[in-house]
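*Asks:* I would like to see how this sequence folds:
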Amino acid sequence: MLIRHKGLELDVVTDAPFIGARIAAINCSKNCPGCFNQHLLYEPTIITPAQDIIEQIQSSISTGIIFGGLEWTEQPKELCELTLLALDHNLEVMIYTHMDLQEFLEKFPILSGLNIYLKCGEYKKDLPPYVDERYMINLASSNQKIYWLGN
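*Replies:* Numbering: from 1, shown residues only. Okay, the predicted model is just below:
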């Protein structure tokens, strides 16, 4: 499958409880005030075979993939395909979404119970950032929460 994205940044240490490759989605319809990913909307869209993305990650020190930057749930087939392929290659997975946990699990039942991390909650510029001490990840606003979906 071909994956549309706005870029892949290898060896990120700030957005997951592992060293990961952050891949940016192509859009976000939320338009949260103060969003620090808005600039990505104007970057060119890159189209890459899913297997090539996995190989790029595995050729770095990254041990997983971070779906962050804009909103991957607006690309559901690509999100699920790349998540499952990453897990098949023993990579860790972190998905950032504006959705709450229940909404995400209803829209993506195929990902329920898998060994992935999920950051839920839209960015709210009026809420302070904080560090999730369980996973040692900086979150942009205090309404956001990280979940482990595995058993």
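*Asks:* who are the neighbours in contact with Phe108?
*Replies:* Listed by C-beta atoms under 8 Å, 6 or more residues apart in numbering, the contact set of Phe108 reads 73, 76, 79-80. From N, CA and C alone the C-beta is placed, and that goes for glycine too.
*Asks:* Quick check: buried residues in stretch 118-135?
*Replies:* Of the residues in stretch 118-135, 118-123, 135 count as buried by neighbour count, 16 or more other C-beta atoms under 10 Å.
*Asks:* again but with stretch 137-149, I slipped
*Replies:* Neighbour-count burial for stretch 137-149 flags 137, 139-141, 144, 146, 149 (criterion: 16+ other C-beta under 10 Å).
*Asks:* Which members of the buried residues of stretch 118-135 define the maximum pairwise distance?
*Replies:* Glu122 and Tyr135 (19.0 Å; C-beta to C-beta).
*Asks:* could you point out which element follows the helix or strand of the chain with the lowest mean pLDDT?
*Replies:* Ranking every helix and strand in the chain by mean pLDDT, DSSP states H and E puts strand 137-139 at the bottom, with a mean of 92. Heading C-terminal from strand 137-139, the first helix or strand you meet, by DSSP states H and E, is strand 145-148.
*Asks:* Touching that next one from outside, list them.
*Replies:* Outside strand 145-148, the residues touching it (C-beta under 8 Å, 6+ apart) are 101, 115-121, 132, 134-135, 137, 139.
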